[in-house]
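Colleague: Quick one, fold the following:
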Amino acid sequence: QVHLVESGGGLVQAGGSLRLSCAASGGTASSGGMGWFRQAPGKEREFVARISWGAGITVYADSVRGRFTISRDNAKNTVYLQMNSLKPEDTAVYYCAARRSSIWPNLLRASHFDLWGQGTQVTVSS
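Modeller: Numbering: from 1, shown residues only. Alright, predicted model coming up:
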């Protein structure tokens, strides 16, 4: 059975950087691609970024575009989220997710992904 395992979260000051990793164990996570979501206390889980396995096409939420970069290592079956210029409002639990289909909706929701990791906490202090 495939599992997604996130790592790299932690506490950082505003303006700092973190890199999250998401590794698939037990096999290939998906054929479509991977995404990152986040959920702050009392808020819904929101889309952050996604990348396709094949062409490596990336899409970002407006709130993170220009600050975050999603990348993948196909050989390692791993996806990364480089987060720069972090803000206190980036504080959340970050989840990686896998999507089997290679057809991507324009507006991505959590329901469009098939497999989820356990999440990793990111806290940005002001």
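Colleague: make it CA atoms for all contacts and neighbour counts henceforth
Modeller: OK.
Colleague: For the most centrally placed residue in the chain, which non-adjacent residue is closest in space?
Modeller: Centroid-nearest residue in the chain, with Cα atoms, centre = their mean: residue 36, separated by 2.0 Å. Leaving aside its sequence neighbours, residue 36 sits nearest to residue 96 (Cα to Cα, 6 or more residues apart in numbering; 4.5 Å).
Colleague: cool, residue 50 as well?
Modeller: Per Cα to Cα, 6+ apart, closest to residue 50 is residue 35, 3.9 Å.
Colleague: Go ahead and confirm the one you found touches residue 49.
Modeller: Yes - contact criterion Cα atoms under 8 Å: residue 35 and residue 49 qualify, at 5.6 Å.
Colleague: Neighbour count: these two, which is higher?
Modeller: Per other Cα atoms under 10 Å, whichever of residue 35 and residue 49 has more neighbours is residue 35, with 27 against 24.
Colleague: Can you tell me how far that one is from residue 63?
Modeller: Taken as Cα to Cα, to the nearest Å, the spacing of residue 35 relative to residue 63 amounts to 15 Å.
Colleague: Backbone dihedrals for the closest residue to residue 119 other than its chain neighbours, please?
Modeller: Closest residue to residue 119 apart from its sequence neighbours, by Cα to Cα, 6+ apart: residue 95 at 4.4 Å. Main-chain dihedrals, residue 95, degrees, to the nearest 10: phi -120, psi 140.
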